[in-house]
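Enquirer: only the shape, not the letters, is given here:
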């Protein structure tokens, strides 16, 4: 807890409508249908950032098998709550979560937060030539 904010990985606390409001406007998932996001949340290890009134002001999810691999996705803190150390608190909670210990690999994709993630052990791909993707950036427009 920091300045009245807390992190929870209790799935029942996630405010899907609040999360959708932000994620559906993000550069990485613009237009995502709420049903699709709900399914993604239901099938991920999620972390919510909550203020002292209990409102959700941040979020992140790990897509993982809980044994060998995890992909960090959908990380945000609402703009009016930034600059308070919440992204660092969120990353500390994620990286210390018991279900995420001993994994062989964690990955993520970001356009603008490299400095944050580097503090938690993330780096550029050691062998980018071994990674491939099948990406459809227009998938939510066609839904």
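Expert: Received, thanks. None of the values given here were measured: they were computed from a predicted structure.
Enquirer: which parts of the longest helix along the chain are buried?
Expert: The longest helix of the chain (DSSP state H) is helix 86-96. Across helix 86-96, burial judged by 16 or more other CB atoms under 10 Å covers 86, 87, 89, 90, 91, 93, 94. Glycine gets a C-beta too; all of them are placed from N, C-alpha and C.
Enquirer: which element follows that helix toward the C-terminus?
Expert: strand 105-108 (DSSP states H and E).
Enquirer: partners of that following strand, with directions?
Expert: strand 69-77 (parallel) (DSSP bridges).
Enquirer: quick one: the strand it pairs with to helix 86-96, angle?
Expert: Here the directions of strand 69-77 and helix 86-96 differ by 160 degrees (axes from the mean of the first three to the mean of the last three CA atoms, to 10 degrees).
Enquirer: ok, and what's touching strand 69-77?
Expert: 19, 22-23, 26, 28-29, 40, 44-45, 49, 57-64, 86-87, 90, 94, 100, 103-108, 110, 113, 117 (CB atoms under 8 Å, 6 or more residues apart in numbering).
Enquirer: now a ChimeraX select for only the buried ones of these.
Expert: Command for ChimeraX that selects the buried part of the contacts of strand 69-77, burial taken from 16+ other CB under 10 Å:
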select :19,22,23,29,40,44,45,49,57,58,59,60,61,62,64,86,87,90,94,100,106,108,117
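Enquirer: ok, the residue positioned nearest the centre of the chain to residue 134 distance?
Expert: With distances taken as CA atoms, centre = their mean, residue 60 lies nearest the centre of the chain, 2.4 Å away. Separation of residue 60 from residue 134 (CB to CB, to the nearest Å): 24 Å.
Enquirer: hmm, residue 3 is touching residue 83, no?
Expert: No: counting by CB atoms under 8 Å, residue 3 sits too far from residue 83 to count as a contact (11.3 Å).
Enquirer: surely the residue nearest to the centre of the chain and residue 90 touch.
Expert: Yes: in this structure, residue 60 is within contact of residue 90 by CB under 8 Å, at 5.8 Å.
Enquirer: spit out the residues that contact those two alike.
Expert: 47, 75.
Enquirer: I am finished for the moment; much appreciated.
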